[in-house]
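**Student:** Build me a model:
(one chain, ligands or ions: 1)
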Amino acid sequence: MKVTEHIQKAKGKTQFSFEILPPLKGQNIQAIFDSIEPLLEFEPPFIDVTYHREEYEYKAASNDLWEKRVVRKRPGTVGICSAIQSKFKIDAIPHILCGGFSKEDTENFLIDLDFLGIDNVVALRGDAVKNETYFKAESKGNKYASELVTQISDLNRGKYLDPELENSNQTNFCIGVAGYPEKHMEAPNLDTDLKYLKQKIDQGASYIITQLFFDNAKFFEFVEKCRAIGITVPIIPGLKPLVSLNQLSIIPQRFNVDLPDALVNEVLKAKNNQEIKEIGMAWCAEQTKELIQADMPIVHYYSMGKADTIKKIITQATL
Ligand code: FAD
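**Tutor:** Purely as a prediction, here's the structure:
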């Protein structure tokens with residue numbers, strides 16, 4: 001079922017969805033199932049599975065030379081989506097990237113998803129490959145998420161890359177895109193970023209999932225700004241609890257988000273890691289409570305295998 005249909009069906013009740021990442025190459029899928037099972041009691045409308053592109057590694061070779069190797073450390077996004085749908089009968093949503101994909105690769109990827117009965121995709125640009133400063137698209141690939149959305153929308157109308165493929169199968173993907181309440185790290189300012197977000201919607205995206213944030217006021221302002229420029233699709237807030245001291249610097253750096261003073265001060269006063277985790281979970285539960293009171297259709301958690309933590313947060317928020 002499409003995300004938009006899940007929202008309509010819930011008739012105003014807030015639902016909880018989750019995002020997981022594929023296991024490292026060499027591990028099996030059981031860890032994924034184990035990280036979903038504790039969350040089933042919340043009847044998630046969908047589970048997102050992230051996509052991880054190739055990375056370059058330099059390994060010592062013979063003759064004192066270094067060999068550049070291309071590795072994908074977390075393959076399996078499509079297989080995991082299919083396994084989740086078949087085992088749990090829950091919609092699984094693969095993330096799909098511009099980075100590392102030619103348009104031809106993208107088309108073939110989408111055809112696989114269509115054949116597997118996947119109804120939703122989240123269309124993203126992806127980040128620069130490790131060791132590169134800027135994102136570089138493939139020479140025959142999509143440069144921005146908006147272009148990827150256009151390609152998926154084209155396929156939804158039966159328009160394939162080969163113009164000779166007339167009257168072809170039309171896919172029916174519901175397309176989600178990323179939004180950034182505190183702006184994307186490369187955007188010159190929030191208004192410019194919002195203009196490009198609107199472009200993704202105009203090209204056919206049906207909902208937005210936000211980057212994680214710790215200050216609900218920033219999310220509510222973002223929603224207001226989106227509505228003011230004519231973005232009417234559902235905006236799903238994305239949350240992740242802070243659980244360790246080093247995240248005080250890692251989170252702002254990696255996700256371009258501010259951590260509120262009150263949260264930082266509490267964390268700095270904590271005596272040990274367990275206390276920090278409790279503080280982070282309580283903060284995330286308060287954020288959840290407020291988002292439920294604000295009638296959010298869905299609250300999305302970057303659960304990333306930490307099912308027990310997320311379970312405690314939702315339980316605390318819904319007491
Ligand atoms: P875009 O929407 O293309 O925007 C990228 C930048 O370009 C922004 O600064 C925007 O303002 C600017 N821009 C957009 N259009 C134009 C234009 N026409 N001209 C000039 N500038 C423009 N990464 C992964 O590798 N795998 C994942 O599974 C994954 N999942 C994610 C899920 C969510 C909910 C979020 C929020 C992020 C996720 N990411 C993932 C990270 C994401 O790939 C990065 O944040 C990436 O840098 C931007 O992706 P985007 O789709 O927002 O890009």
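
**Student:** what pLDDT does the residue of the chain most remote from its centre get?
**Tutor:** Each residue of the chain has a distance to the centre, and by C-alpha atoms, centre = their mean the biggest one is for Asn63: 43.1 Å. Looking at Asn63, its pLDDT reads 74.

**Student:** same deal with Phe88?
**Tutor:** So Phe88 comes in at 98 (pLDDT).

**Student:** ok, which residues in this structure are in contact with the ligand?
**Tutor:** Within reach of the ligand by C-beta under 6 Å from any ligand atom, the chain has these residues: 50-51, 95, 97, 124-127, 144-146, 178, 184, 186-187, 193, 196, 200, 209, 211, 238. (Each C-beta comes from the backbone N, C-alpha and C, glycine too.)

**Student:** For Val257, which three-state class applies?
**Tutor:** Val257 falls in the coil class when you classify it by DSSP: H, G, I helix; E, B strand; the rest coil.

**Student:** Provide the count of other residues in contact range of it.
**Tutor:** 20 (other C-beta atoms under 10 Å).

**Student:** List the contacts of it.
**Tutor:** Residues in contact with Val257 (C-beta atoms under 8 Å, 6 or more residues apart in numbering) are Pro181, Glu182, Gln211, Leu212, Phe213, Phe214, Ile251.

**Student:** quick one on the thing from earlier: tell me how far the residue farthest from the centre of the chain lies from Thr232.
**Tutor:** Separation of Asn63 from Thr232 (C-beta to C-beta, to the nearest Å) stands at 62 Å.

**Student:** before we move on, what about Ser86?
**Tutor:** Distance of Ser86 to Thr232, computed by C-beta to C-beta: 34 Å.

**Student:** who's more crowded, these two?
**Tutor:** Legend: neighbour count by other C-beta under 10 Å for Ser86 and Thr232, higher for Ser86 (11 against 8).

**Student:** Which parts of the stretch 51-200 of the chain are strands?
**Tutor:** 55-60, 66-71, 91-97, 120-124, 174-179 (DSSP state E, counting those that start in this stretch).

**Student:** Next, format the ones you listed as TSV and append distance to Asn272 and mean pLDDT.
**Tutor:** Below are the strands of the stretch 51-200 of the chain laid out as TSV (distance: least, C-beta to C-beta, whole Å; pLDDT from 0 to 100):
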stretch	distance to Asn272	mean pLDDT
strand 55-60	34	81
strand 66-71	36	84
strand 91-97	35	98
strand 120-124	37	98
strand 174-179	35	99
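
**Student:** Tabulate these (CSV), appending mean neighbour count.
**Tutor:** Shown next, in CSV, are these (neighbours: other C-beta atoms under 10 Å):
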stretch, mean neighbour count
strand 55-60, 11
strand 66-71, 10
strand 91-97, 24
strand 120-124, 25
strand 174-179, 25
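
**Student:** Contacts for the longest helix anywhere in the chain, please.
**Tutor:** The residue-count maximum for a helix in the chain (DSSP state H) belongs to helix 273-293. The contact list for helix 273-293 (C-beta under 8 Å, 6+ apart) reads 14, 214, 216, 219, 237, 239-245, 247, 263, 266-267, 270, 299, 309, 312-314, 316-318.
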